[in-house]
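> predicted coordinates and the sequence they were generated for:
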Amino acid sequence: MARLRAGDRVLLALDFDGTLAPLVDDPDASRALPEAVVALDRLSGASGLELALVSGRHLDDLSRLAQVPDGTWLVGSHGAERGRRVAGALERVALDLPPEAAALRDEIGDDLDAAAGTVGGARVEHKPASVVLHTRTATPADAARLTELALALGEREGVDAMHGKDVVELSVLDVTKGHALADLRGELEVAVVVYVGDDVTDERAFVTLGAQDVTVKVGPGETAARHRTDSPESLAEALGALATGLDLP
Ligand SMILES: O=P(O)(O)OC[C@H]1O[C@H](O[C@H]2O[C@H](CO)[C@@H](O)[C@H](O)[C@H]2O)[C@H](O)[C@@H](O)[C@@H]1O
C-alpha cells in the first residue's frame, strides 16, 4: 500500500484455485469467493496497480470462471497462455505449440487415459500444453498408484511434471508461473510484484521474486513465501481491507 501511495507501479498477481476460489471436487464448479470478486473490482480503480490471475488452468477455463474486472491480465496453463479481460471478453495471445510438443502431449494423454480412464474418482484433464491427472475423489490406493504412474510419465524427455494437491500435471512446454511473472514485470514496468498462491506450482513463482516483492502463501504447508494467510476467505478479507486502505469506493 505504501509503495502505491509513493507512486510506484505494482503488479498484484493471484493464483485462482485454492487462492481466490476454495478447492472443490468438481473443477467446473470452482468460483472465486464473492468477497474477493468485489475487492478486485474495487482494486481495479487503484492508480498504478495492475491486476493479474496466474493459473494452471486452461486460459478459456480461467476466463470463463474468473469474474475479474476489465484490464486484468490472465495467464493460463502455468504461463503457456496469456490474455487480458477487455470489455468483458477475453483478448488472447495465440499459443504457439510446436508440432512435436503437441504429439508428445497426445501420447502421454493417451497413456494416462488408458491407465486412469476407467478408475472411479480419477480424472484426466486435457489442456493445450499439458495433461493433468486429478485424484481428489479417487481412493487413496488408486490415487497413489496413478500418481506414481503419472510421475513416471513425467520423466520422459520433454515432459515437466508438477505434483500438486491431488494432482499431477504433465506439461510439454518449459513454463512456470515464475517465468510468467518475470515477463509481466518487464512488460508492465512495475517496481513491485505481489504474488499470492497456495500450491506447489506457486512455489515456482515465490522463489523467483526478490526482496522488494511480496509473497503470500494461502493455507498451511512449507513455503518459500514470506507471508501467509489462512484461507481464501482470509485473503478475500485482506483484499477488501487493501481497497479500503487505498480509499477506493
Ligand atoms: O494454478 P491454479 O489456478 O491453482 O490451478 C491449478 C489447477 O486447478 C484446477 O484443479 C484444482 O482445482 C480443482 C477445483 O477446486 C480441484 O478439484 C483439483 O483437485 C485441483 O487440482 C484445474 O482443474 C487444473 O487444470 C489446474 O492446473
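Looks like it arrived, so ask away.
> got the residues of the chain near the ligand?
Applying Cβ under 6 Å from any ligand atom, we find that the chain lies next to the ligand at 15-18, 23-25, 27, 30, 55-57, 125, 132, 134, 136, 164-167, 169, 199, 201. (Each C-beta comes from the backbone N, C-alpha and C, glycine too.)
> and the residue in the chain that the ligand sits nearest to, how many residues sit next to it?
Residue of the chain nearest the ligand, by Cβ to the nearest ligand atom: residue 56 (2.7 Å). As a burial measure, residue 56 scores 28 neighbours (other Cβ atoms under 10 Å).
> please apply the same query to residue 67.
By the criterion of other Cβ under 10 Å, residue 67 has 16 neighbours.
> over to residue 224?
Neighbours of residue 224 (other Cβ under 10 Å): 14.
> re the thing from before, apart from its neighbours in sequence, what residue is nearest the residue of the chain closest to the ligand?
For residue 56, ignoring the flanking residues on the chain, the nearest one in space by Cβ to Cβ, 6 or more residues apart in numbering is residue 78 at 5.0 Å.
> for the protein, what spans make up the strands?
For the chain, the strands defined by DSSP state E occupy 10-14, 49-54, 73-76, 81-86, 89-93, 123-127, 130-134, 160-164, 167-171, 192-197, 214-218, 227-229.
> name the helices or strands packed onto the first one?
In terms of contacts (3 or more Cβ pairs under 8 Å, 6 or more residues apart in numbering; DSSP states H and E), strand 10-14 is packed against strand 49-54, helix 177-188, strand 192-197.
> check the offset of the last one from the chain's centre.
Using Cα atoms, centre = their mean, to the nearest Å, the mean C-alpha position of strand 192-197 is found 12 Å from that of the whole chain.
> packing partners for that strand?
Against strand 192-197 (3+ Cβ pairs under 8 Å, 6+ apart) you get strand 10-14, helix 177-188, helix 200-206, strand 214-218.
> make it 6 Å
Here strand 192-197 touches strand 10-14, strand 214-218, going by 3 or more Cβ pairs under 6 Å, 6 or more residues apart in numbering; DSSP states H and E.
> now render these as JSON lines, adding distance to residue 70.
Supplementary listing: the helices and strands packed on strand 192-197 in JSON lines, determined by distance: least, Cβ to Cβ, whole Å:
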{"stretch": "strand 10-14", "distance to residue 70": "15"}
{"stretch": "strand 214-218", "distance to residue 70": "24"}
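> closest one to residue 4 among those?
Taking Cβ to Cβ, strand 10-14 is the member of those nearest to residue 4, at 5.5 Å.
> quick check: angle from the closest one to strand 214-218?
Relative orientation of strand 10-14 versus strand 214-218 (axes from the mean of the first three to the mean of the last three Cα atoms, to 10 degrees): 20 degrees.
> what mean pLDDT does strand 10-14 have?
Across strand 10-14, pLDDT averages out at 98.
> contacts for that strand?
Strand 10-14 is contacted from outside by 3-4, 20, 49-54, 184, 188, 190, 192-196, using Cβ atoms under 6 Å, 6 or more residues apart in numbering.
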